[in-house]
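Novice: coords below, sequence missing:
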C-alpha cells in the first residue's frame, strides 16, 4: 500500500511516498505561491496513493487546498491530530491537542530512529522548538522561541538604529564576537538558539540520568547545529519519518485523524 506523507510548515512543504516499509526520497518547496494545481502534483506521477497522511501547521486555507487536491485524485486526506499516546510516544502536555502536530510527528520519528535513548528533539523553522523525550518515549514537555531568522527579522523591524547600521558594510567574521552590525545580529541569533539547546540538554540530565542526544530538523537547522556543543544528529525529513512510523502503527495505536 502506497501512502503519501506530507509535512506542511508555515513556509515550506515536504512530501514523500511510503510503501512496503520504505520511505522514498523526500521533496520540498516553498508553498506561499502555490495554487490548486501545485497541490494536485503531489499525487502524481506514478501510482495514486491509497492514503495521504498529513502533518500541517499551515492553517485552514492551505489544508482546504490540499484536501481538495486529494479528493480530485480519489485519495482521502488524513490530517494528523495529537493523541495522548501513539507511535511509542506519550505526550506530556496537560492538553495534548495544544502540542503542534509537527512537534509530535518529529518526536515519533526521533524515537523510532533512536529507541531507548533520551532525546532533545529540535525543530528550526519560523519558530524553534525543543522537546525532551525520555528513553521510554515519554514526552516531558518543551520550549518555543523565535528561530534565528525570526529573531533577526524582529530586530531589523523594531529598531531603527540597528536596522540602519546593518545595511551594507563588511561581513564582520563568523565567530560570536562580530565586527559589523549585520554579522553581530546573525551571530547573536544563531548562538542564542544553540545555547538554548545545550541548556535543554543540561536541564534534561537529572531526569534522564544520562545526556540526551540532540536530534535537529527543519530548514534552519544548518545555521544552528554546527554551534551546538552537545552530541547531535541532523535528520532533515524527521517529521516524514514520524508520519511513516504512525502509518505503520497497529489500528489500536493509530493517531487521531480528521
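Specialist: Yep, that arrived. The structure displayed is predicted, hence computed values, not measured ones.

Novice: make it CA atoms for all contacts and neighbour counts henceforth
Specialist: Will do.

Novice: which SSE is the residue sitting nearest the centre point of the chain in?
Specialist: For the chain, the residue lying nearest the average C-alpha position, counting by C-alpha atoms, centre = their mean, turns out to be residue 123 (4.3 Å). When elements are assigned from DSSP states H and E, residue 123 belongs to strand 119-124.

Novice: partner residues bridging the residue nearest to the centre of the chain?
Specialist: As for beta bridges, residue 123 partners with residue 129, residue 217 under DSSP bridges.

Novice: In contact with it, which residues are there?
Specialist: In this structure, residue 123 makes contact with 103, 129, 130, 216, 217, 218, 221, judged by C-alpha atoms under 8 Å, 6 or more residues apart in numbering.

Novice: switch the cut-off to 6 Å
Specialist: Counting by C-alpha atoms under 6 Å, 6 or more residues apart in numbering, residue 123 makes contact with 129, 216, 217, 218.

Novice: can you list contacts of stretch 202-221?
Specialist: 118-125, 201, 231-236.

Novice: oh, I was asking about stretch 223-235
Specialist: Counting contacts by C-alpha under 6 Å, 6+ apart, the residues touching stretch 223-235 from outside are 190, 194, 198, 213, 214, 215, 216, 217.

Novice: 7 Å - rerun?
Specialist: Around stretch 223-235, the neighbours that count as contacts under C-alpha atoms under 7 Å, 6 or more residues apart in numbering are 190, 191, 193, 194, 195, 198, 213, 214, 215, 216, 217.

Novice: Give me the buried positions along it.
Specialist: Buried residues in stretch 223-235, defined by neighbour count with 16 or more other C-alpha atoms under 10 Å: 223, 224, 225, 227, 228, 230, 232, 235.

Novice: could the residues you listed go into TSV alongside secondary structure, pLDDT and distance to residue 149?
Specialist: As requested, these are arranged in TSV below (DSSP: H, G, I helix; E, B strand; the rest coil; pLDDT from 0 to 100; distance: C-alpha to C-alpha, whole Å):
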residue	secondary structure	pLDDT	distance to residue 149
223	helix	94	10
224	helix	97	11
225	helix	97	14
227	helix	97	15
228	coil	98	17
230	coil	98	22
232	strand	98	21
235	coil	97	20
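
Novice: and which of those is nearest residue 65?
Specialist: Using C-alpha to C-alpha, residue 235 is the member of the buried residues of stretch 223-235 that sits closest to residue 65, with 28.0 Å.

Novice: State the distance from the closest one to residue 219.
Specialist: Between residue 235 and residue 219 the distance, using C-alpha to C-alpha, to the nearest Å, works out to 11 Å.

Novice: Residue 86 now?
Specialist: Separation of residue 86 from residue 219 (C-alpha to C-alpha): 26 Å.

Novice: same thing with residue 43?
Specialist: Remark: distance between residue 43 and residue 219 (C-alpha to C-alpha) = 23 Å.

Novice: Between these two, tell me which one has more neighbours.
Specialist: Neighbour totals were compared for residue 43 and residue 219, and residue 43 leads with 20 against 16 (other C-alpha atoms under 10 Å).
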